[in-house]
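> What would the 3D arrangement of this be:
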Amino acid sequence: MHLEVFDGSVLDLAGVRVGDEESVRRAEGREWVRFFGSRVCPTCLAASGGVWLTWWKLSWAAVCPEHRTLLVDLCPRCRVAVRRGPAGQPARLSRSRMPAPLRCGALLSGAVCDQPIPQIRTSVASHELADQQQLVLEVATRRRPALIAGQVVNAGQWFAVLKATALLARLGVPEVLPLLDAPPNSQDALAAEAGGQRWNRAGPVGRFGMAPRTALVAAGLLATASKVAAAEEESELVARLMPLATAARMRWKERRPDLSTPMALPPVFTAALDAVSPSAGRRRGAARRRGRSVPTGRMRRCGRARWS
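The predicted model follows:
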């Protein structure tokens, strides 16, 4: 599996078995990745003659750091997610029908969409967002040390911080939108995402912890989470989390989820969360006094989080 290069950093592929579609589907619901489908940079695809890069499948993939353009999610002609499968539904690998690498290839009512992907127009991204995307790729492939508040953490913890920050930002929509360091079109996409979501059995953590479905949403979350993760000191980390936590508290009051429960966060970030959300710290302290363990291992499913 090509995605194994990201195992232990941006992804946790434990339990995923090649050829076991059920294990893959469970992981896709848990991890921020597209096992079925991909985003794409049309310019990169054209320059390579049809080489699809593995990192485009990551849900943190938002922009091309080389060409500074937003990645493409949907074919503009058939409106099917790129490389998702026939009519946008995941399908088994086929030796008889392989889509041309430079064309959409989605099968709709017996017809194949022949949209040339290199001709799809894209939006320009800022230098800052392109740099943030490059950092994500370098930490994901362990080419750069992962730092939170000046402390070295492992790559898995670094991405846990990004996901926790993204969840916190989503909890504060729409009140938090004016405070986000995200492009205006990404803020609009986050607002539309929040407005279009409904409650599910997983509750708010499952709802807001899901992988971003579009590159615009991913770009907004990437810009926001990267700013928080870039804090060089603990006091700066607390200062950058505070407005997000305040907006989430306004929105959810005492029902706001405990962000530290569903994922393995580094202690420096957990301490910062306690500083901006004292109720979470009090609950964890009470749990320790009662002898209950606080999760510190691999990520748990988001839907199992406790409430603040």
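> Any regions of the stretch 201-308 of the chain where pLDDT drops low?
201-208, 253-262, 278-308 (pLDDT under 70).
> Okay, domains of the chain per the record?
As given by automatic domain parsing, the domain ranges for the chain are 1-90+103-144, 145-304.
> Need these in a markdown table (columns: mean neighbour count).
No exception for glycine: its C-beta is placed from N, CA and C like everyone else's. Listed next are these as a markdown table, based on neighbours: other CB atoms under 10 Å:
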| stretch | mean neighbour count |
| --- | --- |
| domain 1-90+103-144 | 18 |
| domain 145-304 | 19 |
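> Residue 162 touches residue 225, doesn't it?
Yes: applying CB atoms under 8 Å as the test, residue 162 and residue 225 come out as touching, 4.2 Å apart.
> any chance you could map the strands in the stretch 1-150 of the chain?
Remark: strands assigned in the stretch 1-150 of the chain by DSSP state E, counting those that start in this stretch are 63-64, 69-70, 107-108, 111-112, 146-148.
> looking at these, which is closest to residue 7?
strand 146-148 (15.3 Å; CB to CB).
> Direction included, what does that closest one pair against?
strand 151-153 (antiparallel) (DSSP bridges).
> starting at the chain centroid, how far to the partner strand?
21 Å (CA atoms, centre = their mean, to the nearest Å).
> thinking again about what came up before, want to try JSON lines for the strands of the stretch 1-150 of the chain, with mean pLDDT and distance to residue 241 as columns?
Supplementary listing: the strands of the stretch 1-150 of the chain in JSON lines, determined by pLDDT from 0 to 100; distance: least, CB to CB, whole Å:
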{"stretch": "strand 63-64", "mean pLDDT": "98", "distance to residue 241": "24"}
{"stretch": "strand 69-70", "mean pLDDT": "98", "distance to residue 241": "27"}
{"stretch": "strand 107-108", "mean pLDDT": "82", "distance to residue 241": "45"}
{"stretch": "strand 111-112", "mean pLDDT": "88", "distance to residue 241": "48"}
{"stretch": "strand 146-148", "mean pLDDT": "98", "distance to residue 241": "12"}
